[in-house]
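> below is the sequence, then the predicted model.
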Amino acid sequence: MDMLVKLYDLQPDNGLDQRMDGQGITLRRALVPELKSICDWIEPRFGSGWAAEATAAIMRQPVTCFIAHQGPVLLGFACHDATMKGFFGPTGVDEAARGKGVGHALLITTLLDMHAQGYAYAIIGGAGPMEFYQKSVGAVPIEGSKPGIYRGMMPSSAPNGVSG
């Protein structure tokens, strides 16, 4: 199910920012030359579909993919306007980095960027941890939104030759 977030009510979380700084975690917009490294990190953890969406977000101008890293170690990512305009996601945090606030910080950073680009609302497509989004940013479910924009999407498959 999709969820809706009011971006005009969203505020930066200085405590969360300080928590990231205290752990030596940097959040920033991805750079295009990092595309392959980021997607190589995403695919084994979250699949080729999310890597494809991150590619679209990284290739936008301005880039709409944010990353969290600790030195040279990538911890997580979050995107917006990847598959559809106005949509937040995909987003993911490495299992070893969960529980440190990284996902929450990426969520806030990305949604604030959406607001700065002129959006009043964001849609979280196919929201996984709905309680997290409700608690973190006041997201509300959008009734009747399942399966949403991914309805009828071609399944991922291995190449099996070329038709004549």
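The structure has been received and is ready for your questions. Numbering: from 1, shown residues only.

> what ranges does this structure have for its helices?
14-22, 35-46, 48-59, 102-116, 130-137 (DSSP state H).

> which secondary structure elements does the fourth one contact?
Same thing as helix 102-116. Here helix 102-116 touches helix 14-22, strand 26-29, strand 65-70, strand 73-80, strand 87-93, helix 130-137, going by 3 or more C-beta pairs under 8 Å, 6 or more residues apart in numbering; DSSP states H and E. All C-beta spots, glycine's among them, are computed from the backbone N, C-alpha and C.

> CA atoms only: put the fifth one into PDB for me.
Once side chains and other backbone atoms are set aside, the C-alpha atoms of strand 87-93 remain, and they are given as PDB (Å, rounded to 0.1, in the frame of the first residue of the first chain):
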ATOM      1  CA  PHE A  87       7.300   9.300  -5.200                       C
ATOM      2  CA  PHE A  88       9.800   8.700  -2.400                       C
ATOM      3  CA  GLY A  89      11.800   5.500  -2.800                       C
ATOM      4  CA  PRO A  90      13.400   3.100  -3.100                       C
ATOM      5  CA  THR A  91      15.400   3.300   0.100                       C
ATOM      6  CA  GLY A  92      17.500   0.800   2.000                       C
ATOM      7  CA  VAL A  93      20.000   0.400   4.800                       C
END
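
> same question for it, mean pLDDT?
For strand 87-93, mean pLDDT rounds to 97.
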